[in-house]
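Undergrad: no sequence on this one, just coordinates:
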Ligand code: HEC
Ligand code: HEC
Ligand code: HEC
Ligand code: HEC
Ligand code: HEC
């Protein structure tokens, strides 16, 4: 390569690397489109909305490994009569009527090969707010991954709070 084109090549590559790093830090992951357009802000924070607590819907967060997402039957307690004119609510009602659940796209998960064992119970009981691990869900319309849950991230907090850093605590 001639010197000039080499410089251009390297400069371009550098721009890409920086842009990529910035995107990772600032942008987070894209919010996936969900089968029903569910809005956390509208249900949790909106002033004249229903203001439902996180653990009314994710009811096993304090008691089990999985926080769990509610069945459509829970949604329909309200939506049998509320917002029935909405196309999204009609979609929800149709799924519920078939006795099915929307195929929610997962936001937080680990690769199977990493063999991670995570359980909500000790964390929620220790008083760690959902937002520490999931970002400001209260203000989100369409949910996206805001916190990169890497091994280093788990271990940093475990060291700080004197929880186990034994491999077998998190890999079983
Ligand atoms: C210490 C960090 C931490 C805290 C605190 C935490 N979570 Fe999680 N949450 C995770 C991780 C890690 C996953 C992914 C777990 C997996 O794939 O097994 C997850 C997954 C989830 C899921 C999807 C899978 C499931 O468990 O049903 C929901 C819903 C959820 N969290 C809700 C909540 C709510 C609500 C709170 C607060 C009451 C909360 N989380 C507090 C780390 C946390
Ligand atoms: C406690 C009652 C209640 C429960 C439970 C509830 N919702 Fe809602 N939902 C509402 C209310 C009230 C609104 C309208 C808020 C507003 O006007 O801003 C709403 C709005 C919506 C909308 C938007 C309607 C539109 O087009 O504007 C969708 C979609 C929706 N809910 C889906 C769900 C799903 C899915 C669940 C279950 C996981 C659920 N809701 C559980 C009360 C509830
Ligand atoms: C009315 C019921 C309802 C309430 C209240 C609610 N959620 Fe959710 N949550 C859902 C539904 C439905 C989904 C799946 C669709 C989605 O991702 O938007 C979900 C998804 C999630 C996920 C992603 C799970 C995954 O796939 O990894 C997290 C994290 C979460 N909620 C945290 C919270 C937190 C924190 C609060 C309180 C600030 C909260 N939720 C309040 C119904 C609810
Ligand atoms: C913000 C701090 C924080 C983060 C982030 C965090 N943890 Fe924890 N974790 C704790 C604390 C504190 C405890 C101990 C609670 C207790 O003693 O009851 C704990 C306990 C645990 C336990 C139970 C250990 C035992 O021996 O019973 C497991 C398993 C665990 N964490 C896995 C994880 C994994 C996997 C991640 C990352 C995906 C993670 N934690 C992220 C603070 C955190
Ligand atoms: C506090 C929890 C925690 C502890 C302690 C921990 N890990 Fe991890 N580890 C994780 C999480 C979470 C991931 C997955 C991270 C991701 O998906 O980005 C992971 C990923 C890994 C991977 C990568 C797997 C892959 O898919 O490439 C290896 C290897 C690994 N851990 C080994 C270890 C070893 C060895 C130890 C003990 C020295 C250890 N871990 C201790 C939480 C932990």
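TA: On my side now, so go ahead. Predicted, not measured: the structure shown is a model, and the values here were computed from it. Ligands and ions are numbered 1, 2, ... in the order given.

Undergrad: burial count for the residue nearest to residue 73 when sequence neighbours are not counted?
TA: Spatially, and ignoring its direct neighbours in sequence, residue 73 is nearest to residue 96 (6.7 Å; CB to CB, 6 or more residues apart in numbering). For glycine as for every other residue, the C-beta is placed from the backbone atoms N, C-alpha and C. Using other CB atoms under 10 Å, residue 96 has 19 neighbouring residues.

Undergrad: where does the chain have low pLDDT?
TA: Low-confidence regions of the chain, defined here as pLDDT under 70, cover residues 1-3, 5, 7-29.

Undergrad: apply 80 and report the result again.
TA: Using pLDDT under 80 as the threshold, the predicted model of the chain has low-confidence ranges 1-29.

Undergrad: up against ligand 5, what does it have?
TA: Residues of the chain that fall close to ligand 5, judged by CB under 6 Å from any ligand atom: 110-111, 113-114, 116, 150-151, 154-155, 158, 165, 167, 169-171.

Undergrad: show me the contacts for the residue nearest to residue 73.
TA: Contacts of residue 96 were listed using CB atoms under 8 Å, 6 or more residues apart in numbering, and they are 72, 73, 75, 76.

Undergrad: repeat that with 7 Å
TA: With contact set as CB atoms under 7 Å, 6 or more residues apart in numbering, residue 96 has these partners: 72, 73, 76.

Undergrad: now, those residues that are in strands?
TA: With DSSP state E as the criterion, strands contain none of the contacts of residue 96.

Undergrad: so how far is ligand 3 from residue 155?
TA: Using CB to the nearest ligand atom, to the nearest Å, we find residue 155 at a distance of 21 Å from ligand 3.

Undergrad: separation between the residue sitting nearest the centre point of the chain and ligand 1?
TA: Taking CA atoms, centre = their mean as the criterion, residue 107 is the residue nearest the geometric centre of the chain, at 4.1 Å. Applying CB to the nearest ligand atom, one obtains 7 Å for the distance of residue 107 from ligand 1.

Undergrad: one more: residue 147?
TA: Taking CB to the nearest ligand atom as the measure, residue 147 falls 8 Å from ligand 1.

Undergrad: do the same with residue 52
TA: When CB to the nearest ligand atom is applied, the distance between residue 52 and ligand 1 equals 11 Å.

Undergrad: which residues touch that residue?
TA: For residue 52, the contacting residues are 43, 44, by CB under 7 Å, 6+ apart.

Undergrad: let's verify it: helix, strand, or coil?
TA: coil (DSSP: H, G, I helix; E, B strand; the rest coil).

Undergrad: in contact with the closest residue to residue 137 other than its chain neighbours, which residues are there?
TA: Setting aside the residues directly before and after it, residue 137 is nearest to residue 40 in space (CB to CB, 6+ apart), at 5.2 Å. Contacts here follow CB under 7 Å, 6+ apart; on that basis residue 40 touches 137, 138, 140, 143.
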